[in-house]
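In: starting from these lines, generate the structure:
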Amino acid sequence: MSERVFVPPRPPRRWGLMSLAALLVLAVAVPAGRYAVEEAGQCGEGVREVSGGECVGVTDGAFAFGNTRALSRKILAENRKVEKSGEPSVAVAYVEAMSGGSGDRGAETTLQALGGAYLAQRSLNAEGATLPKVRLLLANTGSGDRHWETVVEQLTAERRRERLVAVAGLGQSNDRTKAAVRRLREAGLPMVGATVAADGLSSSKAGFYRVSFPNRDQTGAAARWMKEQQKKHPGHRVQIVRDGNEEDAYNTSLYRDFKAAARRERLKVDDEVVPYRSGDDAGGSPTGNALSLAADRVCDGDPPDVVFFAGRGRELRRFIEAAGEGGRRCRTTVISGSSALGVYFDTKGKRHRAELQRLRSRWQHGELTVYYTAYAHPKVSAKVYGGEDAGPFADFARDYRRHVGGPVSALNSGQAMMGHDATYTVGKAARTAVDVYGTRRVTPRMVLAMLEQTNGRSRVRGVSGEIAFDPDTGEPVGRPLALVELLRPRASGSGEKYRFVEALTP
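Out: Next up, the predicted model:
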């Protein structure tokens with residue numbers, strides 16, 4: 001094979017200017033890499049308390065958000081090791097709702113993603129004499145991402161002092177995340193999303209990339225799978241249950257994308273769509289009542305063979321419970337999108353034992369089979385690389401057990417894998433920039449140009465598969481996603497939750 005000749009990349013398509021207002025709004029901000037821990041019960045420097053006693057802002061690990069204390073200490077130690085070395089370094093900010101979850105991303109799910117980001121930092125910094133080294137900043141946007149604007153302003157104001165070259169993470173698909181992506185793009189900070197699925201984030205204006213599959217890819221794969229079932233089983237019925245809350249970007253695009261995918265695949269879908277609305281409806285009835293009614297319409301009489309659930313995981317959980325209410329049988333298969341992880345939102349620990357028992361009992365009665373389209377799964381990684389030991393996942397699993405802690409089975413959710421791949425991709429882009437531009441001072445613009453080049457032969461060996469982006473949209477290309485069965489909890493509350501079914505082509 002002839003030696004590869006690297007052609008320097010063209011400049012990014014367009015570059016947003018950082019607004020002076022963004023620099024002035026947070027005049028009191030201090031460098032994230034210089035934060036100190038204050039007394040117990042207080043927020044640290046750069047992390048301020050907002051209504052409800054929640055701490056939001058940016059830290060290098062000196063302050064711990066929510067349940068991240070042990071992990072934050074390790075990130076802080078790695079950051080200080082980089083600073084002490086005196087070698088050229090850059091900062092990557094991992095942005096999430098870290099102090100209790102957002103929507104259907106619970107504290108445990110967020111912690112898994114952060115654990116993956118930390119392992120990416122460790123891996124990058126351990127790669128011989130390669131430069132620059134990576135410092136990882138943790139940016140908490142608060143419950144429901146309500147304080148995204150404060151965090152974005154802080155990152156923008158401090159990017160030069162901290163040598164911040166990119167943002168990773170952005171865990172929740174909602175309108176606030178969309179606004180944050182738009183503002184960061186305007187400020188010239190490139191992003192690699194880890195677990196965001198909603199459409200509408202990509203743009204012809206460069207700046208946003210993601211390792212997670214958007215809803216259009218997930219629904220397209222699901223519709224093709226259902227079409228195969230209809231071919232095998234004539235008369236196979238498909239019905240849609242949808243969330244009518246149009247303020248939620250995720251479930252709105254999930255429904256629209258599935259309808260479009262069904263038309264493309266010529267999938268026969270029942271004309272009757274079963275609606276519900278998350279939150280209180282116009283009459284003041286709670287979501288649980290609406291989902292009980294939806295379950296009645298699906299389960300009573302002759303249930304369809306497959307239900308596509310266009311909603312979030314927290315509502316899917318209520319639907320599962322409602323289907324088995326009163327000992328009712330509802331033998332059908334439910335397929336949903338990546339948010340189905342929210343079925344297990346905040347169910348860990350003794351205080352949630354009763355809730356988990358209720359879910360287990362109702363699920364056992366209803367006998368629903370629940371599938372979802374997952375961003376990643378270890379068995380997909382093995383498929384991509386030709387074996388469990390052929391790719392980087394084996395080392396990743398070992399390091400997760402050794403440096404993050406917890407069972408390796410937790411990796412089956414895919415969240416740690418995605419947190420790793422988003423952060424690792426940014427780090428590799430910074431490394432490539434050093435070689436291409438012949439400088440040790442990497443800028444966000446250079447990283448953006450390298451992210452644009454992450455495709456074709458210039459791919460990143462992520463733990464979820466090879467990472468490549470469509471150069472026009474920033475969307476992931478060239479690797480499969482997973483169809484995963486969500487298993488009902490065991491009586492003990494432990495055990496596997498995510499069973500791999502098969503790999504799907506987006």
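
In: rest of the way, CA atoms for contacts and neighbours
Out: Noted.

In: okay, now the domains of this protein?
Out: For the chain, automatic domain parsing gives the domain ranges 42-211+380-475, 216-374+483-504.

In: including mean neighbour count and mean pLDDT, could those domains go into a markdown table?
Out: Below are those laid out as a markdown table (neighbours: other C-alpha atoms under 10 Å; pLDDT from 0 to 100):
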| stretch | mean neighbour count | mean pLDDT |
| --- | --- | --- |
| domain 42-211+380-475 | 22 | 92 |
| domain 216-374+483-504 | 19 | 90 |
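
In: look up how far Gly171 lies from the residue nearest to Phe208 when sequence neighbours are not counted.
Out: Closest residue to Phe208 apart from its sequence neighbours, by C-alpha to C-alpha, 6 or more residues apart in numbering: Met191 at 4.9 Å. Met191 is 12 Å from Gly171, where distance means C-alpha to C-alpha, to the nearest Å.

In: isn't Thr505 up against Pro476?
Out: No - in this structure Thr505 lies outside contact range of Pro476 using C-alpha atoms under 8 Å: 11.9 Å.

In: same drill for the two, tell me which one is more crowded.
Out: Pro476 (23 against 16; other C-alpha atoms under 10 Å).

In: from Arg242, how far off is the more buried one?
Out: As judged by C-alpha to C-alpha, Pro476 and Arg242 stand 26 Å apart.

In: for Val463, same thing?
Out: Using C-alpha to C-alpha, one gets 33 Å for the distance from Val463 to Arg242.

In: helices and strands around the helix or strand hosting Ala260, which ones?
Out: Ala260 belongs to helix 249-265 when assigned by DSSP states H and E. With contacts defined as 3 or more C-alpha pairs under 8 Å, 6 or more residues apart in numbering; DSSP states H and E, helix 249-265 has these neighbours: helix 215-232, strand 238-243, strand 306-310.

In: distance to Thr68 added to the ones you listed, as a markdown table?
Out: A markdown table is the format used below for the helices and strands packed on helix 249-265 (distance: least, C-alpha to C-alpha, whole Å):
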| stretch | distance to Thr68 |
| --- | --- |
| helix 215-232 | 29 |
| strand 238-243 | 32 |
| strand 306-310 | 31 |
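
In: which of the ones you listed sits closest to Ile467?
Out: helix 215-232 (15.5 Å; C-alpha to C-alpha).

In: orientation of the closest one relative to strand 238-243 in degrees?
Out: Inter-element angle recorded for helix 215-232 and strand 238-243: 150 degrees (by axes from the mean of the first three to the mean of the last three C-alpha atoms, to 10 degrees).

In: helices or strands up against helix 215-232?
Out: helix 249-265.

In: what's the helix it packs on in contact with?
Out: Residues from elsewhere that reach helix 249-265 (C-alpha atoms under 8 Å, 6 or more residues apart in numbering): 173-175, 197-199, 215-216, 219-220, 223-224, 227, 242-246, 268-269, 310-312, 337.

In: give me that answer again for 7 Å
Out: 173-175, 197-199, 215-216, 219-220, 223-224, 227, 242-243, 246, 310-312 (C-alpha atoms under 7 Å, 6 or more residues apart in numbering).

In: any idea which helix or strand comes after it?
Out: Toward the C-terminus, helix 249-265 is succeeded by strand 274-276 as the next helix or strand (DSSP H and E).

In: and that following strand, how far from the chain's centre?
Out: On the basis of C-alpha atoms, centre = their mean, to the nearest Å, strand 274-276 sits 26 Å off its chain's mean C-alpha point.

In: contacts for it next, please.
Out: Counting by C-alpha under 7 Å, 6+ apart, 240-244, 290-291, 294 sit against strand 274-276.

In: kindly reformat these as TSV containing distance to Tyr498.
Out: Output for the contacts of strand 274-276, formatted as TSV (distance: C-alpha to C-alpha, whole Å):
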residue	distance to Tyr498
Ile240	23
Val241	22
Arg242	23
Asp243	24
Gly244	28
Ala290	27
Leu291	24
Ala294	25
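
In: looking at those, which is nearest Ala93?
Out: Nearest to Ala93, judged by C-alpha to C-alpha, of those is Asp243 at 32.6 Å.

In: kindly state the beta-bridge partners for that closest one.
Out: Tyr276 (DSSP bridges).

In: now do it against Val274, distance only.
Out: Counting by C-alpha to C-alpha, the gap from Asp243 to Val274 is 9 Å.

In: helices of the stretch 351-500 of the chain, start to end?
Out: Listed in chain order, the helices of the stretch 351-500 of the chain (DSSP state H, counting those that start in this stretch) span 353-366, 378-385, 393-399, 415-437, 444-452.

In: adding distance to Asp145, write the ones you listed out as TSV.
Out: Below are these laid out as TSV (distance: least, C-alpha to C-alpha, whole Å):
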stretch	distance to Asp145
helix 353-366	26
helix 378-385	29
helix 393-399	29
helix 415-437	18
helix 444-452	24
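
In: figure out which of these is closest to Asp305.
Out: Nearest to Asp305, of the helices of the stretch 351-500 of the chain and by C-alpha to C-alpha, is helix 353-366 at 14.1 Å.

In: which other helices and strands contact that closest one?
Out: helix 313-323 (3 or more C-alpha pairs under 7 Å, 6 or more residues apart in numbering; DSSP states H and E).

In: what pairs with the next helix or strand after the helix it packs on, parallel or antiparallel?
Out: The first helix or strand that comes after helix 313-323 along the chain, using DSSP H and E, is strand 333-336. Here strand 333-336 is paired, per DSSP bridges, with strand 306-310 (parallel), strand 369-374 (parallel).

In: convert the C-alpha atoms of strand 333-336 to PDB, please.
Out: Taking C-alpha atoms only, strand 333-336 is exported to PDB below (Å, rounded to 0.1, in the frame of the first residue of the first chain):
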ATOM      1  CA  THR A 333     -43.500  -6.200  21.600                       C
ATOM      2  CA  VAL A 334     -42.700  -2.500  22.300                       C
ATOM      3  CA  ILE A 335     -39.800  -0.800  20.400                       C
ATOM      4  CA  SER A 336     -38.600   2.700  21.300                       C
END
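
In: taking the contacts of strand 274-276, tell me the two that lie furthest apart.
Out: Largest separation among these by C-alpha to C-alpha: Ile240 and Ala290, giving 14.9 Å.

In: if we ignore the residues flanking it in sequence, what's nearest Ile320?
Out: Trp363 (6.1 Å).

In: which residues touch that neighbour?
Out: 320-321, 324, 488.

In: format those as JSON lines; extra columns: distance to Gln453.
Out: Converted to JSON lines, these look like this (distance: C-alpha to C-alpha, whole Å):
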{"residue": "Ile320", "distance to Gln453": "44"}
{"residue": "Glu321", "distance to Gln453": "47"}
{"residue": "Gly324", "distance to Gln453": "50"}
{"residue": "Arg488", "distance to Gln453": "42"}
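
In: ranges for the helices of the stretch 51-200 of the chain?
Out: Using DSSP H, counting those that start in this stretch, helices in the stretch 51-200 of the chain cover 69-85, 107-125, 148-162, 175-187.
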